[in-house]
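Novice: Return atomic coordinates for the entry below.
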Amino acid sequence: MNPDQSPRRPPPSKGRGALSNRDGRFEPTCREVFDDGWNHDDEELPPPRTTLGADSARSVITRNDSPDVPFEQSINPYRGCEHGCAYCFARPTHAYLGLSPGLDFETRLFAKQDAATLLRTELARRGYRCSPIALGINTDAYQPVERERRVTRELLEVLHEARHPVSIVTKSALVERDLDLLASMARDGLVQVALSITTLDRALARRMEPRAAAPQRRLETVRRLRAAGVPTAVLAAPLIPVLTDPEIEAILEAAAEAGADVADYVLLRLPHELAELFPEWLEAHRPLQARHVLSRMRGMHGGKLYESRFGQRMSGTGPYAEIIRRRFHLACGRLGLNRRLPPLRTDLFRPPAKNGQLSLL
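Specialist: This is a model prediction of the structure:
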């Protein structure tokens, strides 16, 4: 590379969170953007388009035994997420597909179009043990493509038929579309919904979560879910030191005013490629705070940007992590958000009909 051919930071793409398409950690080669003299500063690249492929999974329920999460089973209707959240801990999973955790993660999506059929088969198996299913944990089950594909809606219809408990985490107001099913399941103690609210700053949210619902719209969704009798939580997730932790009390006050039952938080996580992608976003959008944010992250993870050990990865350790924990729990206590949602019922489960036909046995 010539001395004049210095690395060039890619400009932000409108409506996208990641700035680059860095190679995944399993790729045999690594590419870097640099100025070869042919590109002009005022030359705009075409915006990346969203494509949707088929995910031909043979099963739809994922099992886990992590002590950090309160569920044993989960379903992700989609791979990748068009919300484009710059901080999304799920971005590195796209590397398993030979794709980039950067722009590929939010533009090259895959739908599990047969998910409802697979779920029906799995729930109808002899010996299936009913345990709450967490819907849309790795990627949002109500991301924009769900409006047309309706994979999540079909999954909920099977769960409703089987009287199977489910919990949902989302950043989308689209969850209101399914209030008919959710309200019915809520009456039997079969559903809980959590809305993730990272910031109340609309400008910051627009850059950090470019295709998710605005924070105020999510709060309105909390109101509508509660009005329909659906137990609802607000998650300050992720909580980003320096950038969003000053809003802890304001977020919780807004959640309480909207009628949320409980609130919780998860500290920002930067595994694998995210340790490069998120600092890149900070330098582009919050350059004066970037070093401070990353310094705080290292202070809460033993000098590293991320600590993967159970019990520490989602809350951190050290003085600053303890200050965040105390502030959050004090505010929750003051606002009545420190309760627990009632446990989801599993005793009502009835295996669904296979392929729409009742078994003779």
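Novice: Could you check how far residue 161 is from residue 123?
Specialist: Distance, residue 161 to residue 123, by C-beta to C-beta, to the nearest Å: 9 Å. To be clear about C-beta, it is placed using only N, CA and C from the backbone, and glycine gets the same treatment.
Novice: shared neighbours of these two, which are they?
Specialist: Shared contacts of residue 161 and residue 123 (C-beta atoms under 8 Å, 6 or more residues apart in numbering): residue 352.
Novice: Comparing these two, which residue is more hemmed in?
Specialist: residue 123 (21 against 15; other C-beta atoms under 10 Å).
Novice: pLDDT at that one, what is it?
Specialist: Note on residue 123: pLDDT of 97.
Novice: and it, what is it in contact with?
Specialist: By C-beta under 8 Å, 6+ apart, residue 123 lies in contact with 158, 162, 164, 351-352.
Novice: out of those residues, which is most surrounded?
Specialist: Most surrounded of these: other C-beta under 10 Å gives residue 164, at 28 neighbours.
Novice: can you list contacts of stretch 138-156?
Specialist: The contact list for stretch 138-156 (C-beta under 8 Å, 6+ apart) reads 50, 52, 60, 74-83, 88, 90, 93, 109, 111-113, 115-116, 119, 135-136, 166, 168-172, 174-175, 177-178, 181-182, 211-212.
Novice: closest to residue 317 among the contacts of residue 123?
Specialist: Relative to residue 317, the closest of those is residue 164; by C-beta to C-beta it sits at 37.1 Å.
Novice: Contacts only, for residue 257.
Specialist: Listed by C-beta under 8 Å, 6+ apart, the contact set of residue 257 reads residue 219.
Novice: can you pull the buried residues of the helix or strand in which it is found?
Specialist: Assigned by DSSP states H and E, residue 257 falls within helix 248-258. Across helix 248-258, burial judged by 16 or more other C-beta atoms under 10 Å covers 248, 251-256, 258.
Novice: and of those, the nearest to residue 294?
Specialist: Nearest to residue 294 among those, with distances taken as C-beta to C-beta, is residue 248, at 19.8 Å.
Novice: now the closest one: how far from residue 335?
Specialist: The spacing between residue 248 and residue 335, counted by C-beta to C-beta, is 11 Å.
Novice: what does residue 85 give?
Specialist: According to C-beta to C-beta, residue 85 stands 26 Å off from residue 335.
Novice: ok, those two, which is more surrounded?
Specialist: residue 85 (26 against 16).
Novice: List the contacts of stretch 200-207.
Specialist: Stretch 200-207 is contacted by residues 12, 86, 198-199, 212, 214-216, 243-244, 247, 250-251, 254, 285 when judged by C-beta under 8 Å, 6+ apart.
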